[in-house]
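Asker: no sequence for this one, just the structure:
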């Protein structure tokens with residue numbers, strides 16, 4: 001059997017990218033597409049190396065499992081939900097394995113040494129790959145944004161030289177705004193921690209005192225970036241929340257103007273399914 005390295009690489013690159021994307025959508029975790037691409041490249045390179053002379057031992061099951069774990073870590077980074085992601089990735093891989101083999105009619109696709117291969121020419125593989133990517137994107141676009149009757153938004157925040165991506169639930173009850181009528185996205189403290197310089201780490205003791213959080217963040221970002229906002233919720237009559245003004249906020253691919261990040265005094269989700277609460281007006285780009 002003749003195997004062409006370029007075709008093998010492209011086919012597995014697209015399949016792996018699709019698997020990683022679908023897994024992230026189903027799990028409802030925030031993701032960065034460039035990281036998914038890097039993970040897919042890792043998986044495609046593994047598929048290519050397996051066929052090199054003297055590398056047959058790399059097709060052993062333990063090595064395949066290790067390669068899958070490595071691909072997931074590259075794609076999703078360090079997250080406490082990596083175990084759940086790996087389980088979903090394994091299930092999705094098994095479910096979509098039939099789709100890869102369905103390419104037989106188009107180009108003789110088979111699984112050889114546990115790696116997807118095909119006899120189709122390079123152009124055909126690129127066309128099929130594009131169709132698969134489009135199908136993955138369209139079919140699962142709403143999956144991660146709607147679950148259990150809830151609407152979700154994927155939000156990217158830029159502050160100074162750092163940025164982060166997180167998933168937020170669209171909450172029509174979140175009408176929080178400052179005196180300049182800037183809407184507030186309430187976020188877990190972990191979102192803010194990912195935007196902080198490495199030298200600063202908010203302690204649990206500081207988090208229990210908004211004034212301490214305000215002082216710590218003001219020292220880093222300046223008083224123009226940080227403010228205290230009063231709020232009221234069920235069980236909290238008069239509360240104070242520290243809010244930060246980021247450089248840019250992108251909600252589902254659309255830039256949102258005049259938005260603050262309010263640091264929640266506790267987790268916004270008991271299950272960790274999302275890291276923020278965004279008002280219906282700001283999250284309406286879904």
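Answerer: Ah, there it is. Just so you know, these numbers come straight off a predicted model, no measurement behind them.
Asker: so which residues make contact with stretch 265-274?
Answerer: The contact list for stretch 265-274 (C-beta atoms under 8 Å, 6 or more residues apart in numbering) reads 28, 80-81, 147, 152, 166-169, 186-188, 207-208, 210, 239, 241, 275-277. (C-beta placed from N, C-alpha, C; glycine too.)
Asker: which residues touch stretch 76-95?
Answerer: By C-beta under 8 Å, 6+ apart, stretch 76-95 touches 19-20, 22-24, 26-27, 29, 31, 35, 39, 68-69, 72-73, 272.
Asker: how about 7 Å then?
Answerer: Around stretch 76-95, the neighbours that count as contacts under C-beta atoms under 7 Å, 6 or more residues apart in numbering are 19, 22-23, 26-27, 29, 31, 35, 68-69, 72-73, 272.
Asker: for residue 274, see how far away residue 81 is.
Answerer: From residue 81 across to residue 274, the span is 12 Å (C-beta to C-beta, to the nearest Å).
Asker: so between these two, which is more surrounded?
Answerer: Under the criterion of other C-beta atoms under 10 Å, the comparison of residue 81 against residue 274 puts residue 274 first, with 26 against 14.
Asker: part of a helix, is residue 94?
Answerer: Yes - counting by DSSP: H, G, I helix; E, B strand; the rest coil, residue 94 is located in a helix.
Asker: what number of residues lie near it?
Answerer: If you count neighbours by other C-beta under 10 Å, residue 94 ends up with 9.
Asker: cool, and residue 218?
Answerer: What residue 218 shows, counting by other C-beta under 10 Å, is a neighbour count of 16.
Asker: that one against residue 226, yeah?
Answerer: Yes - counting by C-beta atoms under 7 Å, residue 218 does reach residue 226; the two are 4.7 Å apart.
Asker: circling back: strands - which of the contacts of stretch 76-95 land there?
Answerer: Counting by DSSP state E, no part of the contacts of stretch 76-95 is found in strands.
Asker: just the buried members of the residues you listed?
Answerer: With neighbours counted by 16 or more other C-beta atoms under 10 Å, the contacts of stretch 76-95 contain buried members at 19, 22, 23, 26, 27, 29, 31, 35, 68, 72, 73, 272.
Asker: same list, those residues, but as JSON lines with distance to residue 158 please.
Answerer: Below are those laid out as JSON lines (distance: C-beta to C-beta, whole Å):
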{"residue": "19", "distance to residue 158": "29"}
{"residue": "22", "distance to residue 158": "27"}
{"residue": "23", "distance to residue 158": "26"}
{"residue": "26", "distance to residue 158": "27"}
{"residue": "27", "distance to residue 158": "24"}
{"residue": "29", "distance to residue 158": "20"}
{"residue": "31", "distance to residue 158": "17"}
{"residue": "35", "distance to residue 158": "17"}
{"residue": "68", "distance to residue 158": "32"}
{"residue": "72", "distance to residue 158": "26"}
{"residue": "73", "distance to residue 158": "25"}
{"residue": "272", "distance to residue 158": "24"}
